[in-house]
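# Structure for this input, please:
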Amino acid sequence: MTFTPTPAYGGPANILVSTSDLGNNGAGGAGVAADTLNIAVTGNSAPIVVTTGSALAYTKVLPQGVQLSTTTETKITTSVDTAFEVGVTNSGEFQEVGVQVKLTIPRQPSPIVKTGTVDVIDPGETKTVTFSDFPDFPYQENATVQVTITPVDGETKTDNNTAEYPVIFQIAPS
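Below you'll find the predicted structure:
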């Protein structure tokens with residue numbers, strides 16, 4: 001017989017043991033006996049907690065290589081080569097697969113939305129997703145670049161998965 005307590009439990013426990021001879025011995029039907037075994041559970045380790053998750057490391061505007069700030073407005077002079085590089089860090093303890101990244105630039109009548117995927121990323125590693133080929137930007141107005149990393153299965157810390165960057169898009173002088 002094996003007794004396995006609830007993980008991380010310590011304290012008293014008991015096992016009720018019932019036996020029966022199924023009527024094979026003596027007169028008057030089955031003989032039944034019961035007894036309780038008292039057990040003190042000690043040294044039962046806490047369950048191992050593992051972390052999974054991805055974190056937004058940075059967002060840069062390319063080709064200039066300027067890192068965007070969540071607190072300071074960045075002026076972005078656009079061209080056909082304007083792109084955004086998003087750094088994604090695996091902040092968990094296991095390899096992650098298929099990490100989804102979304103970049104949104106709100107504008108009227110509809111926002112610019114680009115999506116990308118980090119195919120495979122190891123613990124502690126930072127990989128990039130680059131968004132390019134923008135049709136147009138909301139020029140000469142206060143705008144934002146919003147980046148969201150979709151939480152991976154089991155991820156509980158998600159406050160580092162999104163950022164909103166204040167920007168002003170401007171056309172390069174001729």
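# Can you give the domain ranges for this protein?
When the chain is parsed into structural domains using automatic domain parsing, the resulting residue ranges are 1-48, 54-171.
# Among those domains, show the one with the smallest mean pLDDT.
Least confident of the domains of the chain, judged by mean pLDDT, is domain 1-48 with a mean of 75.
# who does whatever helix or strand Val129 lives in touch, helix- and strand-wise?
Secondary structure from DSSP states H and E places Val129 in strand 126-131. Identification of packing neighbours for strand 126-131 by 3 or more C-beta pairs under 8 Å, 6 or more residues apart in numbering; DSSP states H and E yields strand 83-90, strand 112-121. For glycine as for every other residue, the C-beta is placed from the backbone atoms N, C-alpha and C.
# Residues contacting the last one, please?
The contact list for strand 112-121, computed with C-beta atoms under 8 Å, 6 or more residues apart in numbering, reads 54, 86, 88, 90, 95-105, 127, 129-131, 134-137.
# Repeat that for the first one.
Strand 83-90 is contacted from outside by 53-63, 96, 99, 101, 103, 116, 118, 121-132, 134, 145, 147, 149, using C-beta under 8 Å, 6+ apart.
# mind redoing it with 7 Å?
The contact list for strand 83-90 (C-beta atoms under 7 Å, 6 or more residues apart in numbering) reads 54-62, 96, 99, 101, 103, 118, 121-132, 145, 147, 149.
# So what sits opposite the closest residue to Ser132 other than its chain neighbours in the bridge?
With sequence-adjacent residues excluded and distances taken as C-beta to C-beta, 6 or more residues apart in numbering, Ser132 is closest to Ala83, at 3.8 Å. Listed beta-bridge partners, Ala83: Leu62 (assigned using DSSP bridges).
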